[in-house]
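Enquirer: Curious how this folds, go ahead:
(one chain, ligands or ions: 1)
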Amino acid sequence: MNKFIFDVDGTLTPSRQTIDPEFEKWFIDFCGSNDVYLVTGSDYAKTLEQVGTDVCMSVKRIYNCSGADVYEKCINVRTSDWKAPKELYSLLNGWLQASPFPLRTGNHIEERPGMINFSIVGRNATMDERKLYIKHDLEFRERESIAFQINLDFPEISATVGGETGIDIGPSYSNKSQILSDFDKSDKIFFYGDKMEEGGNDFPLKKANKNGINCQVKDWKDTWRVLNENIANRT
Ligand SMILES: [Mg+2]
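Expert: Alright, predicted model coming up:
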């Protein structure tokens, strides 16, 4: 059976923003005649804010936190109970003290289902404060160094540079490919994402979806165009 899986940021919406109203209407219609699933690194509250209740109710299932937190018809059906080891917190607190970046805005270690997000500048940073950190990180590649050290010290944990200021840390299986265990071998999976290149957060699922179709898109308009083309070719 055909299953359509979509990333959210950069695939159905501009990054961190809301869905285009025209595309939203079209997409809800598409969900009415196809089995549609969403998979995103964001939490459910953010997805709801981005795509709205109607889309959330129209899709079969939403995989938040890369599949560690699962929703059906706006109801949570599964949440990972993974907890980071104490030693990891010590390491992160060490980095928080040692980083030469001068600002700390609070909420540096954010716990999410199945993962934690670590940020030197902190999740409370304003746009301008975030920009300062982005510049610092570009120059010193600090997040890469932190992620590298975590991956070295904790073989069972995977740390990746996520978003613009943070590092995503979770068990090594905690990427979008984990959702495939919910699908049958006989399913033909069409996966749409904007970050399918190696190191991108859609790459693990693309790689694991060997027998399906993986479609890298440039943005939500490109997704819409490609879907329309596919439909035209089907009829
Ligand atoms: Mg994306």
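Enquirer: partners of the host helix or strand of Asn117 in the sheet?
Expert: Taking DSSP states H and E as the definition, Asn117 sits inside strand 115-118. Looking at strand 115-118 with DSSP bridges, its partner strands are strand 109-112 (antiparallel), strand 166-171 (antiparallel).
Enquirer: quick one: the helix or strand of the chain with the lowest mean pLDDT to chain centroid distance?
Expert: One helix or strand of the chain scores below all others by mean pLDDT, DSSP states H and E: strand 157-162, with a mean of 85. Centroid separation between strand 157-162 and its chain, computed with Cα atoms, centre = their mean, to the nearest Å, is 12 Å.
Enquirer: Show me what that strand packs onto, helices and strands only.
Expert: helix 142-153, strand 166-171 (3 or more Cβ pairs under 8 Å, 6 or more residues apart in numbering; DSSP states H and E). Where C-beta positions appear, they are placed from N, C-alpha and C, glycine not excepted.
Enquirer: thinking again about what came up before, what's the most buried one of the strands paired with strand 115-118?
Expert: With neighbours defined as mean count of other Cβ atoms under 10 Å, the strands paired with strand 115-118 peak in mean count at strand 166-171, which reaches a mean of 22.
Enquirer: what about Lys176, neighbour count?
Expert: The tally of other residues near Lys176 (other Cβ atoms under 10 Å) stands at 25.
Enquirer: what separates it from the ion, distance-wise?
Expert: 10 Å (Cβ to the ion, to the nearest Å).
Enquirer: Report how many residues lie close to Lys207.
Expert: Count around Lys207 with other Cβ under 10 Å applied: 13.
Enquirer: Find the nearest non-adjacent residue to Ser119, please.
Expert: Distance criterion Cβ to Cβ, 6 or more residues apart in numbering; nearest residue to Ser119, sequence neighbours excluded, is Gly166 at 4.4 Å.
Enquirer: does that neighbour have beta-bridge partners, and which?
Expert: So, taking DSSP bridges as the rule, Gly166 has Gly162 as bridge partners.
Enquirer: So what are the structural domains in the chain, by residue number?
Expert: 2-80+175-234, 86-171 (automatic domain parsing).
Enquirer: wait, does the least confident helix or strand of the chain contact the ion?
Expert: No. Contact of strand 157-162 with the ion (Cβ under 5 Å from the ion) is absent, the minimum separation being 11.1 Å.
Enquirer: Touching that strand from outside, list them.
Expert: Applying Cβ atoms under 8 Å, 6 or more residues apart in numbering, the external contacts of strand 157-162 come out as 41, 84-85, 88, 117, 143-144, 146-147, 150-151, 167-172, 174-175, 199, 201.
Enquirer: Next up, phi/psi of Asp184, please.
Expert: phi -90, psi 160 (degrees, to the nearest 10).
Enquirer: which one is it nearest to, not counting chain neighbours?
Expert: The spatial neighbour of Asp184 that comes closest, neighbours along the chain excluded (Cβ to Cβ, 6+ apart), is Met1 at 7.7 Å.
Enquirer: Check Gly170 too.
Expert: Met115 (3.5 Å).
Enquirer: Test for you: state the pLDDT assigned to the most centrally placed residue in the chain.
Expert: Computing the C-alpha centroid of the chain and ranking residues by Cα atoms, centre = their mean puts Gly41 first, at 2.1 Å. At Gly41, the pLDDT value in this model is 88.
Enquirer: for Ser177, same thing?
Expert: Looking at Ser177, its pLDDT reads 95.
Enquirer: got the residues of this structure near the ion?
Expert: 7, 9-10, 194-195.
Enquirer: Which of these ranks first by neighbour count?
Expert: Going by other Cβ under 10 Å, Asp7 tops the residues of the chain next to the ion with 25 neighbours.
Enquirer: Many thanks, we can stop here.
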